[in-house]
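**Student:** Predicted model and sequence below, questions to follow.
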Amino acid sequence: MVFAHSLNSVGFSHPLTDHLKNTAELARSLSAEFGAERLGYYAGLWHDLGKFSPRFQQYIAQPQGRRGPDHKSAGAVQAAGLGFDMLAWLVLGHHGGLPSGTDVKSHLERAHGSPEVARALSVAKTEVPGLDPAIRLDEALPPHLTGSGTGITAAGLKLGTEFFLRMLFSALVDADFLDTEHHFHAERTDVRAVAPSLNVLWHRFEGNQNPLSGKRRDELNQIRHCVYVRCLEAAGQEPGIFRLTVPTGGGKTLSAMGFALKHALAHGLRRVIVAVPYTSITEQTAEVYKGVFGEEAVLEHHSEATWRVEDTEDPTSPHTWARLASENWDAPIIVTTTVQLLESLFSNRPGRCRKLHNIAGSVVILDEVQTLPVGLLRPILDVLNELVAHYRVSVVLCSATLPAFQEEVGSFALRNVREIVPNPERLFQALHRVEYDLSQTDTSWPWERVAEEIRKTPSCMVIVNTKQDALQLLEALGDPDALHLSTLLCGAHRRYVLNVVRDRLAKKEPCRLVTTQVVEAGVDLDFPVVLRAMGPLDRIVQAAGRCNREGLLPGNGRVVVFVPEAGGLPRGAYETATAITTGILRHGGLDMSDPVLYRAYFRSLYGARDQDVKRIQNAREVLDFPEVAKRFRLIEDDTIPVVVRYPPECDRVDGLIQRLRSGEENFRRLIRRLQPYIVEVRRHRLEEMKQSRLVTELRPELYLWGGRYDDVRGLVGLGPEDLVV
């Protein structure tokens, strides 16, 4: 007998024909959502044909820790020889990642002359019934990829093909993983199926909201109820792209979910995916949804969530389900970061791509969508259009400062965008809870002047543009009780500070917070006074959303915009946006509650910046998957992770480091557990930090901080050039 995998825990090897047929059927099912079931089937059937070679069977019998011989070439040759060149890409990439066209061509040229490949295919034809398809490639493709659709340009066809291959690759990879997992860990199959249905979740949602929404008679809660009702009323509309333009504090977190659930049930969609820009908001949003739907229904997937998932195989533990569901997003509600979602959509790696097919047939909520990077807008909006047009996805764009992506970004803009709540301008006027003081924008303040303004009130938040600015302001303030938030603090430390802030505010105790932009979009804080350093207009408005958020003050909150005399600015789009904002504010007489103002601002910003600065679309057109993955980064990869010994949890950190150094445990699991204690440091300073003994290497690309870690300032000892953002 020929085998695909070695002995499992009960002493059985995995027959290769079983694995091929099971993977083919799974891939057929997983790709049916986007009309690719026949191609999915043959991708699964051919992906491991190389395992029929005698060399691979010898390896299965005696692996001895060695890496197995090539088993992807035979399936690629089979696909290309029958005119199914698309599937050759998937077969060649199903372990190492989707290749480039050059790699595929050179690999096939070598494989065609290989006696081992010929032998494997010869055996496969006798062992696998129906190995050759009775259809042509064009008969198996969805209509939008055959060139027969109206208005399809050559570039659009190429981009559509690129994205289709990525989605089909996802179905193949997940099917392969699932069948292999079933061989080695059959008990996990049942664990994956424990999540409740969307219908059950809708009833839980109604049960949670009906006793609450609209029952309080104050103006703020009546407005939130109005938003909620409008969202439910709009849910029956045909799938597509929607806007939810709601001021900060308008209750969009739950109202957007109400729309998404009801919309999904009305149109047979399968799940709701919520993407938010920052980890802190992801955690906050996930906690809200878990309180409504239960922990077993909400998958929280981001870099600092996985550390909480214990390595248990107890099928009754929600941690086991969450760990498995995070691999392929087979969950009814997913709360993730924008980075996780978008970088997966442009990745070529099997682990990152595995979840993509489960985005098809979903409602995707993009919260705080104004934070999407300008330089990547063209590929992002193109993929969103593709998901909506051909993969049964509805997209909900949420923000208090929502760019009109269908107007401002040119020919690649989003198509047929509909507003969920009509006339959002009325909401902004009704939820006017702050007064902007723009009188200081013509002069600059030294840090001592800013500190004087802070001292005038016991509770105040100041948002500056760089980490260095935050440290200088803390020094000028000289308040031992002042709090600080920036990425100089590790994730565990930032969570602690946010909890302290909320506790002090709830108890009406003095609370002075100096922070960078990490709190601006969506973090649930409510200060009576907010000072904001001159920056992009949308950031100023988001900062105002942390002022009098709940409308509990007897009058309006106060938002002061100031120009720091010695302040810095992140370069690029942030700097451009700040210059545009400075020009806008100098005109005076502005209504900061008017959404039209933000549309004019974004129109100017997008006109001043390239929306595909890395030429990602060019790489996509030529199917250069590795290059696309390399170029598409929401966060530039110019930093290195440094583990800090966060004082309250030093023992835990030390224990994890000791286990990491021993090499006895899974490296990736330990890295996930260390994630809350990591600070990112500029890569170009690495050699200098090594020589100064500020860092020591734990593993390649992972270091331990040997300098000081302050309980307020966080990581101490970096130069000014490291503190720009």
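**Tutor:** Everything's here; your move. Numbering: from 1, shown residues only.
**Student:** mind listing what residue 240 touches?
**Tutor:** 388, 394-395, 416-418 (Cβ atoms under 8 Å, 6 or more residues apart in numbering). For every residue, glycine as well, the C-beta is placed using N, CA and C.
**Student:** any idea which of those has the most stuff around it?
**Tutor:** When neighbours are counted by other Cβ atoms under 10 Å, residue 394 leads the contacts of residue 240 with 25 neighbours.
**Student:** Residue 56 and residue 431: what is the separation?
**Tutor:** Residue 56 is 65 Å from residue 431, where distance means Cβ to Cβ, to the nearest Å.
**Student:** Which element, helix or strand, includes the closest residue to residue 22 other than its chain neighbours?
**Tutor:** In this structure, residue 22 finds its nearest non-sequential neighbour in residue 179, 4.5 Å apart by Cβ to Cβ, 6 or more residues apart in numbering. Per DSSP states H and E, residue 179 falls inside helix 154-184.
**Student:** Residue 92 too?
**Tutor:** Counting by DSSP H and E, residue 92 is part of helix 85-93.
**Student:** Show me which residues of that helix are buried.
**Tutor:** Across helix 85-93, burial judged by 16 or more other Cβ atoms under 10 Å covers 86-93.
**Student:** and the angle from the lowest-mean-pLDDT helix or strand in the chain to helix 154-184?
**Tutor:** Between all helices and strands in the chain, the lowest mean by mean pLDDT, DSSP states H and E belongs to helix 318-328, at a mean of 77. Counting by axes from the mean of the first three to the mean of the last three Cα atoms, to 10 degrees, helix 318-328 lies at 140 degrees to helix 154-184.
**Student:** Which strands or helices does helix 318-328 pack on?
**Tutor:** In terms of contacts (3 or more Cβ pairs under 8 Å, 6 or more residues apart in numbering; DSSP states H and E), helix 318-328 is packed against helix 154-184, helix 187-191, strand 298-301.
**Student:** could the ones you listed go into TSV alongside distance to residue 556 and mean pLDDT?
**Tutor:** Listed next are the helices and strands packed on helix 318-328 as TSV, based on distance: least, Cβ to Cβ, whole Å; pLDDT from 0 to 100:
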stretch	distance to residue 556	mean pLDDT
helix 154-184	47	94
helix 187-191	51	83
strand 298-301	35	88
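**Student:** and these, which is most packed in?
**Tutor:** Mean neighbour count, computed with mean count of other Cβ atoms under 10 Å, is highest for strand 298-301 among those, reaching a mean of 26.
**Student:** Centre of the chain to that strand, how far?
**Tutor:** Strand 298-301 has its C-alpha centroid displaced from the chain centroid by 12 Å (Cα atoms, centre = their mean, to the nearest Å).
**Student:** what packs against it?
**Tutor:** Strand 298-301 packs on helix 279-293, helix 318-328, strand 333-337, going by 3+ Cβ pairs under 8 Å, 6+ apart.
**Student:** wait, which of the ones you listed is closest to residue 658?
**Tutor:** helix 318-328 (23.1 Å; Cβ to Cβ).
**Student:** separation between the most far-flung residue of the chain relative to its centre and residue 120?
**Tutor:** Distance from the C-alpha centroid of the chain, by Cα atoms, centre = their mean, peaks at residue 126 (45.3 Å). Taking Cβ to Cβ as the measure, residue 126 falls 11 Å from residue 120.
**Student:** coming back round to it: turn the buried residues of helix 85-93 into JSON lines, including distance to residue 499 and pLDDT.
**Tutor:** Output for the buried residues of helix 85-93, formatted as JSON lines (distance: Cβ to Cβ, whole Å; pLDDT from 0 to 100):
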{"residue": "86", "distance to residue 499": "51", "pLDDT": "93"}
{"residue": "87", "distance to residue 499": "51", "pLDDT": "96"}
{"residue": "88", "distance to residue 499": "53", "pLDDT": "96"}
{"residue": "89", "distance to residue 499": "48", "pLDDT": "96"}
{"residue": "90", "distance to residue 499": "46", "pLDDT": "97"}
{"residue": "91", "distance to residue 499": "50", "pLDDT": "97"}
{"residue": "92", "distance to residue 499": "49", "pLDDT": "97"}
{"residue": "93", "distance to residue 499": "44", "pLDDT": "96"}
